[in-house]
Every structure is written in structure tokens, then in C-alpha cells.
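sequence first, then the predicted structure:
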Amino acid sequence: MVDGWLDYTLRTVALGAALLGGMSGALGAFVFLRRQSMAGDAIAHATLPGVVLAFLLTGQREPYLLLGGAALAGGAGVLLWIAITRWSRVKQDSALGIVLSTFLGGGVLLLNLVQNRPGAYQAGLNHFLFGQAATLLSRDVVLLAAGALGVSVLLLLFWKEFQLLSFDRAFGASLGWPMQRLDIGFTLLVVAAIVLGLQSVGVVLMSALLVAPAAAARQWVDGLGAMVLLAAVLGAVAGVSGTLLSALWTGLATGPLIVLCASTLVLFSLLLAPRRGLVWRQLDRLAAQARLR
Amino acid sequence: MASNETRPAALTVSDLTVMYGEKPVLWDVDLQMPAGVLMAVVGPNGAGKTTLIKAILGLVPTVAGQIRIDGRPYAEQRQRVGYVPQRGSVDWDFPTRVLDVVMMGCYGRLGWLRRPGKSEQAAALRALEQVGMADYAHRQIGRLSGGQQQRVFLARALMQEADIYLMDEPFQGVDAPTERAIVGLFRELRTRGKCVLVVHHDLQTVPEYFDWVTLLNVRSFACGPVAENFNESILRQTFGGHTAWIGDESLPGRVPTTVTVPAVG
């Protein structure tokens, strides 16, 4: 165990996972409060055709190139989603479904195309489905640190705008804030966080890392600032503990373990949090019944 | 009354038309509201009352129409308009305190990057005092009653320090103390020369609470002082055959006839 801590690779991976968890947790708090948890999932899936296309067009497996493709596809998906909602009578959730299935379908088709080619040079693309945290290098950690720093700074700078966007968008618009542009800006920030997480957690599980820390944090605190901070901490905790579990039981993938750790935090919080937790509320009810008797 | 009519309009809406697809929600609506006037907007369900407020605020696209504040285009005068949305339009389980919600009223003034400070906090507390909610400043908004939530929204609008207030059903589902608090607040705003446009459901309290009235059912059927515009024939035109809102006409065989309008002046 002590050896594990000192191990350079493990430290790199754990630090990367902590940064990713913290960044996703903080952003995810707003995603969660805006009731757009499904959007995280859709965006993550929408990045897939970008990854494969980047590979097809360049023939290279350079991760940052593929992530660039992912970012472009994710961004395009988000803009398409917002445009459909704005300019047609299709509702937001349906528009999300349309974009999700179209992009994912396209991504899977392209992946098939690659896999049908002779030679095994498509290896590595599959990692984007489930991630491969164990391959994180120190340059990846630097990128994640830059991402986490960027997210923190932007959240601080646009705190009251994002607060309005999440709580009362119409009121914000009545004050003259460009809510549509803030919405697009915020959602592109989520795209960036998701893309940064693809390498370690993957398309399928990334949305859990956005939503789970926020859902857990909401159970414990009653203020927006406290919730964002706690979600970031819980995300980081999930990242580190998932990495450690993976290192202790060699052979188990890091990404899924990180997500399972986050889910455990959610389960624990849903049950035990004071006032909002199920156990607490059940006890409350029993106490009330006892008083009435 | 005559003085009201000659006073320049603080808010002028002309030829306002809003469509949802092929269906007109507001059709060629004209409306004037002088300063110092409390105006009710009444009409049946689906008459476009909420849409009227949203269209004035620029929250829904309009097909035609002009909004002017003291004769100048709305876009330049936005900061002079305060808005109280329907209480049900937000999630009251949102993790925030009463004071934080009220503080949002000054975000328009603050602009980008600036954060509310001590003076804004003091102003928010004063606004809460005005609606009788000072004791609740640090309470989580999820732990308020419906009437208290409504008063928080009113305090947030006061925080906007506007001249014209647009309120969407502030009396909807509130308790008696809140209703009294709101009416008291209206009168105070009127004395300070502000004007308030209120989407209102309860026809019976219109003459008591308001000076002016707009009768709306997609088109505007009347707009002016209550004494001249709130009568049976205009109400009939506005509400069409659906007159089941007066008194106890639910009794079979009874034909609704009169709306009592107390003498004004």
C-alpha cells in the first residue's frame, strides 16, 4: 500500500483522476440544478463520431488529436441541440434524444468502418468508450490541471450569471443578460470537461462523473457555493479512491471503479444525509407519529 | 380620473402581436399605463396575459409591436422595469437562501464581473423588510410557505429599484397576510409614483385593489380607469360566454347578470 502511494505512475493517475473528478463535480452541480443531467450523457456520446473521424482522416492515434475531434463533435452536437430547441417546436429533451442517437449512431458506424479495415491499427479507439485511466501521463495531468483551473476561474468570474441561468433564466433575461449565449457558453464548458475526461473515464461513464458528485452534495448542503465546492471535493475523492481500488485489485479498470465510488457516495448520501436522507425522513415521520399518539 | 388620462404614459404598448405557430396569442394589443397607476390585466385562461408580460420584457419573440417607456424604446430603458414571474416558474428546492434570491434583483445594475457587496446586501435586507420578511433573510428558500415565496419574489423586484413593475399573478395561492402585504406594497409604490401592471385572476378585487384595468382575450377589449372600463358589457365581450366567474352562478338555471362595480371617486 505504502509502495503504491509512492509509485510515480499511481500518483500521476490519482492526481489526474482527482482533478477530473473535482472539475466535473463543480460543473456538474450546475448541470444537476439545471436538470440537464441527461445532457451530460448525450454530449459524451455525441463526441464519439469526432474521435473516429479524427482517426479516419489523419490515420493517427495521437490522443490529443482524437480529443480535438471529440471536442468538435461534442460542440457541434450541443449547438445542434440548442438550435433545434430554439428554432423548432421540438422540446428540449426530445431534441437531446435526436442529437444523441444520431451522433452515437454515426459514431458506431464509423467505428465499424475502422474495425473492418485490415490490420489492428484501430486499437486504442475502443478506449474512448470506457476510458483507460491507467495510461494517464504527466502531460495529461498538466492538461487536466489547466482544465480544472480554467473551469474554476470561469465559474468564479460568471458566478452570478450561472446562478441566474440555473435558478431563474427568464428573470435573468428580463434584466438584460444574454441568457442564450450564457447557456451556450456554459454548455460548451461542459463539453470541454467531458472531452478531458474521455481518456480516463470514457464516453459511457463520463456523465456519471458529472452528475453523481452533485447529487450527493445536494443532500448535505443548502447553499449554491457550498454545493459546488462539496461536489468538487466528492468528485476528487471518487477519483482518488477509484484509482487506489484499481491499483490494489490489479486487473480492474480504473474508470468504472471511479464511477462506482461516486455512486457509492450518492447512495450513502441519499440514505443518511440529515433532513434530506431517507433514513432521516423515516425517523422524522416515526417521531411525528409518536407525538400524535 | 381625468388627470390620469392626460398624464403621459410611462409604459406604452402598441400593435403588439405574438404568434405561436399559426395561432395568435396576442393580436394587435395596445396598452398605456401612466405613472402612479396600479393596473390589473384580466381575461380568461389562455387570453395571453402571461405572454403579454413576457412580450413586454422581450422574453418571447413578437411578430409586430412596439414597447416604449416614457416614449423611448424599451431596450434603452430596461433597467427601469422590474419583473415578478409566476412563483411556480422556478424550483424552490434550489440550494439558496432568501437573501441570495433578493440580491439577484441588483444583478442587472451590477453588470459583468462585479459582485454584490455590503451596500447591496443592506438594500436586500431593506427590501425584505418592506414585504415583512426580514426575519427570513437567511432561511433556505425551500422552507418557505407559498405566500412567503411570493414575498421573496416581490422583494427581489423591489431590489431592482424600477419605475415600472410587471407582476405575473402575485396573488396566486397566497395566504391572507401575504395578500395584505402585497396590497400595502402596491399602495406604497403608487405614492412613490411607480406604476404596477399585475396579471390578476380575482375579478371581485379588481375595483378594490386597482385604479386601471386592461381586459385581454388575445385582443385588448379595454384599457383605462376601472370606473369606465370594468363593467358588465366589456367583461362579457372579453370573457365570451364563460361568465361562470361571478358570484354563485354555478346554481342551475341561474343566469349571470351583474358585476358590481362600486362607485369610484
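On my side now, so go ahead. Every value quoted in this text rests on a predicted model; they were computed, and no experiment measured them. Numbering: from 1, shown residues only, chains lettered A, B, ... in the order given.

and for the residue nearest to residue A:280 when sequence neighbours are not counted, the neighbour number?
Take residue A:280 and drop its neighbours on the chain: the residue closest to it by C-beta to C-beta, 6 or more residues apart in numbering or on different chains is residue A:274, 5.5 Å away. The C-beta positions use only the backbone N, C-alpha and C, and glycine is treated the same way. When neighbours are counted by other C-beta atoms under 10 Å in any protein chain shown, residue A:274 registers 10.

assign a three-state SS to residue A:274, would you?
For residue A:274, the assignment made with DSSP: H, G, I helix; E, B strand; the rest coil gives coil.

quick check, it in contact with residue A:283.
No. Residue A:274 is beyond contact range of residue A:283, at 10.2 Å (criterion: C-beta atoms under 8 Å).

can you pull the residues of chain B lying near chain A?
B:21, B:54, B:57-59, B:78-79, B:81, B:83, B:85, B:89-91, B:94-97, B:100-101, B:104, B:107-108, B:110, B:112-113, B:115-116, B:140, B:142, B:156, B:160 (C-beta under 8 Å from any C-beta of the partner chain).

residue A:204 - that's part of a strand, no?
No. Under three-state DSSP, residue A:204 falls outside any strand and is assigned helix.

looking at the stretch 101-250 of chain A, which residue is nearest chain B?
residue A:175 (3.4 Å; C-beta to the nearest C-beta).

look up how far residue A:272 lies from that residue.
39 Å (C-beta to C-beta, to the nearest Å).

pretty sure residue A:12 contacts residue A:139?
No. Using C-beta under 8 Å, residue A:12 is not in contact with residue A:139, being 9.9 Å away.

between those two, which one's more packed in?
Ranked by neighbour count (other C-beta under 10 Å), residue A:12 and residue A:139 place residue A:12 first, with 18 against 11.

list the contacts of that one.
Each residue near residue A:12 by C-beta atoms under 8 Å, 6 or more residues apart in numbering or on different chains is listed here: A:136-138, A:141.

grab the nearest non-local neighbour of residue B:82.
residue B:162 (3.3 Å).

and whatever residue of chain B ends up closest to chain A, what's its pLDDT?
For chain B and chain A, the shortest gap (C-beta to the nearest C-beta) falls at residue B:108, measuring 3.4 Å. Per-residue confidence (pLDDT) for residue B:108: 91.

which secondary structure element of the chain has the lowest mean pLDDT?
Defaulting to chain A. The weakest-scoring helix or strand in chain A, judged by mean pLDDT, DSSP states H and E, is helix A:2-6 (a mean of 52).

so what secondary structure elements neighbour the top helix by length along chain B?
Counting by DSSP state H, the longest helix found in chain B is helix B:176-191. Other helices and strands packing on helix B:176-191, by 3 or more C-beta pairs under 8 Å, 6 or more residues apart in numbering or on different chains; DSSP states H and E, are strand B:38-42, helix B:146-159, strand B:195-199.

need the residues that contact that helix.
So helix B:176-191 is in contact with B:36-38, B:130-132, B:147-148, B:150-151, B:154, B:158, B:165, B:170-171, B:174, B:195-196, B:198, B:209, B:211, going by C-beta under 8 Å, 6+ apart.

list the buried residues for it?
If you call a residue buried by 16 or more other C-beta atoms under 10 Å in any protein chain shown, then helix B:176-191 has these buried ones: B:178-179, B:181-183, B:185-186, B:189-190.

could I get the residues you listed as JSON lines with pLDDT?
What follows is the buried residues of helix B:176-191, written out as JSON lines (pLDDT from 0 to 100):
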{"residue": "B:178", "pLDDT": "91"}
{"residue": "B:179", "pLDDT": "93"}
{"residue": "B:181", "pLDDT": "90"}
{"residue": "B:182", "pLDDT": "94"}
{"residue": "B:183", "pLDDT": "94"}
{"residue": "B:185", "pLDDT": "94"}
{"residue": "B:186", "pLDDT": "94"}
{"residue": "B:189", "pLDDT": "94"}
{"residue": "B:190", "pLDDT": "93"}
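
taking the stretch 1-150 of chain A, what residue is nearest to chain B?
Counting by C-beta to the nearest C-beta, the stretch 1-150 of chain A gets nearest chain B through residue A:33, at 6.3 Å.

can you count the residues close to that residue?
With other C-beta under 10 Å as criterion, residue A:33 counts 24.

same deal with residue A:87?
With other C-beta under 10 Å as criterion, residue A:87 counts 8.

same deal with the one 5 residues further on?
When neighbours are defined as other C-beta under 10 Å, residue A:92 has 16 of them.
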